[in-house]
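>>> can you look at this prediction? I've put the sequence above it.
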Amino acid sequence: MTAAGDSEPASEELLARVLQSLEDDKAEEVVQIDLRGRSDMADYMVICSGRSSRQVAAIAEKLADRLKQDFGLLCKMEGKETGDWVLIDSGDVIVHVFRPEVREFYQLEKMWLPSGQAASKA
């Protein structure tokens, strides 16, 4: 899914780096959802919160920078200007960074988790 072709990182390796970056930047309530076999758009979805619009934008920017530095990935990013909900598309891992009230409103976890299954906290 990247221009890197054969040097593309394994989705598990990419997921591990995403989770480490979010932890480093103090993202809150980090949830990972395994999409393998359920969606062609990505292998994993990660949802997390930042305490403010500024932190949400900073978490997203630093994540994109780290993925570019570590893997040569150029991530697509939407929503950084407002900082309410930023979507980072790194190919095999889709990351949503929300302000808590925006996350509560959209409830993406409920949409993507199979009924009765709890999200795996990272």
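Nice, thanks for sending it over.

>>> so what pLDDT did residue 117 get?
At residue 117, the predicted lDDT confidence score is 53.

>>> low-confidence stretches in the chain?
Along the chain, segments meeting pLDDT under 70 span 1-8, 114-122.

>>> any chance you could map the helices in it?
Using DSSP state H, the helices of the chain run over 11-24, 53-71, 100-106, 108-112.

>>> need the nearest residue in space to the spatially most central residue of the chain, chain neighbours excluded.
Geometric centre of the chain, nearest residue: residue 95, 1.5 Å, by Cα atoms, centre = their mean. Nearest non-adjacent residue to residue 95, counting by Cβ to Cβ, 6 or more residues apart in numbering: residue 88, 4.2 Å away. Bear in mind the C-beta positions are built from the backbone N, C-alpha and C, glycine included.

>>> for the residue nearest to the centre of the chain, name its beta-bridge partners.
residue 46, residue 88 (DSSP bridges).

>>> contacting residues for it?
18, 22, 45-48, 60, 63, 87-89 (Cβ atoms under 8 Å, 6 or more residues apart in numbering).

>>> picking that back up, turn the helices of the chain into a markdown table, including distance to residue 39.
What follows is those, written out as a markdown table (distance: least, Cβ to Cβ, whole Å):
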| stretch | distance to residue 39 |
| --- | --- |
| helix 11-24 | 12 |
| helix 53-71 | 20 |
| helix 100-106 | 17 |
| helix 108-112 | 8 |
